[in-house]
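Chemist: Next comes the sequence, and after it the predicted model I'd like to discuss.
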Amino acid sequence: MDTNTTSGKRSPLWLAISLAAAIIVWQIIADFVVRNKFILPSCSDTFAALIQLYAGGVLWEDIWVSLMHYAIGLILALAVGVPLGICIGWFDRINQLLDPLIEIIRPIPPLAWIPFAIVWFGLTDFSAGFVIFIGSVFPILINTYEGFRSVPRVFVEAGRMLGCTSSISLIRYIALPAALPHLAAGFRIASGVAWMCLVAAEMFGVSRFGLGQKIWWYYNLHQMDSVLVYMLLLGFIGLFIDYLFRYSMDRTLLRWRVGEVN
Amino acid sequence: MGSVAISDVTRLFTRDDGAQVQAIGGVSLSIADDEFVSFVGPSGCGKTTLLRIIAGLDQASSGEVLVDGNRITGPNPKVGMVFQEYSLFPWRTILDNVAFGPEMRGMSRKGRYDLARRYISLVGLDQFEKSYPFELSGGMRQRVAIARALANDPDLLLMDEPFGALDAQTRNKMQSELLDIWDRSKKTILFVTHSVDEAVYLSDRIVVMSSRPGQIRKVIEVTIPRPRDRTAAEFGTLRRDVLGLIDEQSLQAND
């Protein structure tokens, strides 16, 4: 659950070597061992498919639509998960009231909500966003709660001694900043889960575009090289989002954590 | 300003098995304006609990505490506290830590930063105002904690073993700096410590407490003029007297 893994910098040389090796092995296995484009497209097949898809122009549309689903789900999850997590983490009564409900709903896999998502919202972007929301709200909620539970008592007491006495200002000035590393960790987990739910959420035909939707689409066309293009895109965009988030948090809101021991 | 009247304060804790433990049993004490009073005693004598009650962080089971005639019912901006453990907000810079109290009072950005800078320079850390707490040593952090408490201009400053985690040399240095600050800003200081040496060096009066229930064993006036010499004969005598009182207590507690 650490949010600032500033572990030793990886040398770009080793990154290049490891990637090159993987690509060569992949190409050799596909061309000389499997020799079946349907079962395992080679690297060059996949690259050719990427060029073709890029030329076709829908790639950006797919990325855009998927990012929109992802954003709908995650923004909703933040809007619900953070305030709710704060309430159950700070106020014992609310915790006792809501904890059983949360524990009952939480184990239901997000994908099990797909039928109701369709019934409630139809085959719309919002429906996909809803499934992603279900998947990502709990990591945010639980981590916010944990963060608020583990605010060191001495910070709260120091705050109170300095004139920060109401619940609202204690939350705003003491608990929230103290819990921020937990919130950031929750967001990262949620973002990963959201990205996973995305594929499933788009598979039931909420729109004609989307990275997940296209995986299913090209599978039906038996174009496995295109399926692989979209899989890799999902991986790289997910990685990029995570990197961007971590980078910006470590530079801004979590700068003070640099010297803290996890 | 900053007189304290503690009258017949008791504090009961209920253990998990339902039994009641008396942490403080009937403590009464008057402390004058600008006095420096230390509390010493064996572990578990309730000195920290007593300080927390005066701070308003804990409630007495019976009895009351008045600060300048006002009954303490909760934390009060006229009462400041320096904690034993590091209590600086790690997400705030030194400047923002010291400016926290004034910020809570609604002081403007410029006003509170000017004020905070004054107190940061009072504790000699001008170059560190933009640093985060993790960049500072233990002694520096406690100095910032003192500056942060002072920036709220309390009449009464409570200190709960503030130098307990520091090495001996830093500790001695901090003690004389604290006396300096006390001399300049004139506040009442109540100081809880395990170190008799520290109590004798700092205080106008030393309150020796006994344990279970925590009660006042004896109040000792320290008349040695400041600055005090730790190696002087009268310093040693007084230290021995206080240590003797505490040891008696610990022996009884172990019986």
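Modeler: Ah, there it is.
Chemist: Please make it C-alpha for all contacts and neighbour counts, starting now.
Modeler: Will do.
Chemist: Just give the closest residue to the closest residue to chain B within chain A, not the sequence neighbours.
Modeler: Nearest to chain B, among the residues of chain A, is A:L162, at 4.8 Å (CA to the nearest CA). Distances taken as CA to CA, 6 or more residues apart in numbering or on different chains put B:G101 closest to A:L162, at 4.8 Å, once the chain neighbours are dropped.
Chemist: near chain B, which residues of the stretch 101-250 of chain A show up?
Modeler: A:154-155, A:157-158, A:160-165, A:174, A:177-178 (CA under 8 Å from any CA of the partner chain).
Chemist: just to revisit the earlier point, for whichever strand or helix holds the residue nearest to A:L162, output the C-alpha coordinates as PDB.
Modeler: Using DSSP states H and E, B:G101 falls within helix B:100-104. Extracted in PDB, the C-alpha atoms of helix B:100-104 (Å, rounded to 0.1, in the frame of the first residue of the first chain):
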ATOM      1  CA  PHE B 100      -1.400  27.000  12.600                       C
ATOM      2  CA  GLY B 101      -2.800  28.500  15.700                       C
ATOM      3  CA  PRO B 102      -3.100  32.100  14.300                       C
ATOM      4  CA  GLU B 103      -4.600  30.500  11.100                       C
ATOM      5  CA  MET B 104      -7.300  28.900  13.200                       C
END
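Chemist: which regions of the stretch 101-250 of chain B sit below the pLDDT cut-off?
Modeler: In the predicted model, the stretch 101-250 of chain B carries pLDDT under 70 at residues B:249-250.
Chemist: Which residue ranges of it form helices?
Modeler: B:109-122, B:138-150, B:168-185, B:196-202, B:233-254 (DSSP state H, counting those that start in this stretch).
Chemist: how far does the helix holding B:G101 sit from the chain's center?
Modeler: Here helix B:100-104 shows a centroid-to-chain-centroid distance of 21 Å under the convention CA atoms, centre = their mean, to the nearest Å.
Chemist: Show me what it is packed against.
Modeler: helix B:109-122, helix B:138-150 (3 or more CA pairs under 8 Å, 6 or more residues apart in numbering or on different chains; DSSP states H and E).
Chemist: show me the contacts for B:G80.
Modeler: A:161-162, B:55, B:149-150, B:152, B:154-158 (CA atoms under 8 Å, 6 or more residues apart in numbering or on different chains).
Chemist: Please flag which of those sit within strands.
Modeler: Under the assignment DSSP state E, the contacts of B:G80 contribute B:156-158 to strands.
Chemist: Buried among the residues you listed? Make that a PyMOL selection.
Modeler: Typed into PyMOL, the line below selects the buried ones among those, using 16 or more other CA atoms under 10 Å in any protein chain shown:
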select buried, chain B and resi 156+157+158
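Chemist: quick revisit: I'd like the helices of the stretch 101-250 of chain B as a markdown table, with mean neighbour count and distance to chain A appended.
Modeler: Below are the helices of the stretch 101-250 of chain B laid out as a markdown table (neighbours: other CA atoms under 10 Å in any protein chain shown; distance: least, CA to the nearest CA, whole Å):
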| stretch | mean neighbour count | distance to chain A |
| --- | --- | --- |
| helix B:109-122 | 18 | 13 |
| helix B:138-150 | 24 | 7 |
| helix B:168-185 | 15 | 18 |
| helix B:196-202 | 22 | 24 |
| helix B:233-254 | 15 | 29 |
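Chemist: if we can go back for a sec, can you lay out the helices and strands packed on helix B:100-104 as JSON lines showing distance to A:N143?
Modeler: Output for the helices and strands packed on helix B:100-104, formatted as JSON lines (distance: least, CA to CA, whole Å):
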{"stretch": "helix B:109-122", "distance to A:N143": "33"}
{"stretch": "helix B:138-150", "distance to A:N143": "29"}
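Chemist: Which among the ones you listed is found nearest to B:F39?
Modeler: helix B:138-150 (18.6 Å; CA to CA).
Chemist: Show me what that closest one is packed up against.
Modeler: Contact analysis of helix B:138-150 by 3+ CA pairs under 8 Å, 6+ apart lists strand B:79-82, helix B:94-98, helix B:100-104, helix B:109-122, helix B:168-185 as its packing neighbours.
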